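Peer 1: Here is a sequence with its predicted model. Questions after.
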Amino acid sequence: MDDAFVRLARRFFSSDLWKEPRELSRAEAWLDMIATAAFAAESRLIEGRCLNLQRGELATSQRYLAARWAWSRSKVERFLDNLTAAGRIRTRNEPGTSIITLCNYERYNPHRARGEPPNGPAPSHPRAKVKEGLEAPSGHKNFEEAINRLGNRAGSENATEAMENEFMLKCIRVLGKSEMNENGGGWRTYYRQNPDKAERVIAEVETAIRERPKTIRKSLGAFAMDLWKRFK
């Protein structure tokens, strides 16, 4: 049974259970790295620079991980050194950040389901249709309905798209339907560039609406964009 898997939806890492404030264990920290590594090649905006990440890579820093895991910087450094010595990760430095590669990412997070052809599902297979239409265009007349429909289809088949759709539903709730009908495609792009930053922006807008409404002196969309530009 050692080669079997326990399937865990990525949405678990956005749940209240996972986000409960606490000091993470070493096992939880390792799970967090697996969950936040790029599932596919992508570009992310880090410190104003566009970095190209390959599958199984994450851009981070010891200071950020220390805050995220409620650890000291020295504990993070020791943990990463141990992972490197064990052959689990490789690290390279880029200006303002470090790129960590999970050496056996394919083992932890297979790209395809067991029994699926190497080039992906056949066109007739239900999974082949999951991504169809996921790029809801800017100006979509019923963006919320489209996201809900796609989220329901993708939820059990493609965790990455499901998480994006959950974020888009949150944007609709916080920013409003008119903003999303106009700029929905743009917010999906921002999420793909830097999901942590995008989630932080929307959470800050929600907090401002609830606790500091007088700080919002423009449309919610413009307010959110100002935050995006300001946040690192």
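Peer 2: Looks like it came in fine. Residues are numbered from 1 along each chain as shown.
Peer 1: and the chain, what are its domains?
Peer 2: For the chain, the structural domains run 10-108, 136-230, going by automatic domain parsing.
Peer 1: Give me whichever of those is most buried.
Peer 2: domain 136-230 (a mean of 17; mean count of other Cβ atoms under 10 Å). Where C-beta positions appear, they are placed from N, C-alpha and C, glycine not excepted.
Peer 1: Can you report phi and psi for Val205?
Peer 2: phi -60, psi -40 (degrees, to the nearest 10).
Peer 1: show me where the chain has helices.
Peer 2: 16-19, 26-36, 62-69, 73-85, 105-108, 143-154, 159-175, 177-193, 195-211, 220-230 (DSSP state H).
Peer 1: In contact with the residue most central in space within the chain, which residues are there?
Peer 2: With distances taken as Cα atoms, centre = their mean, Pro195 lies nearest the centre of the chain, 4.1 Å away. Applying Cβ atoms under 8 Å, 6 or more residues apart in numbering to Pro195 gives the contacts Met163, Phe167.
Peer 1: Over to Arg92?
Peer 2: So Arg92 contacts Ser98, Ile99, Thr101 (Cβ under 8 Å, 6+ apart).
Peer 1: which residues of this structure score low on pLDDT?
Peer 2: Across the chain, the ranges flagged by pLDDT under 70 are 1-4, 45-49, 111-161.
Peer 1: hang on, the earlier thing: in TSV, list the contacts of Arg92 along with distance to Glu77.
Peer 2: Formatted as TSV, the contacts of Arg92 follow (distance: Cβ to Cβ, whole Å):
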residue	distance to Glu77
Ser98	11
Ile99	16
Thr101	18
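Peer 1: Right, I'll call it a day here.
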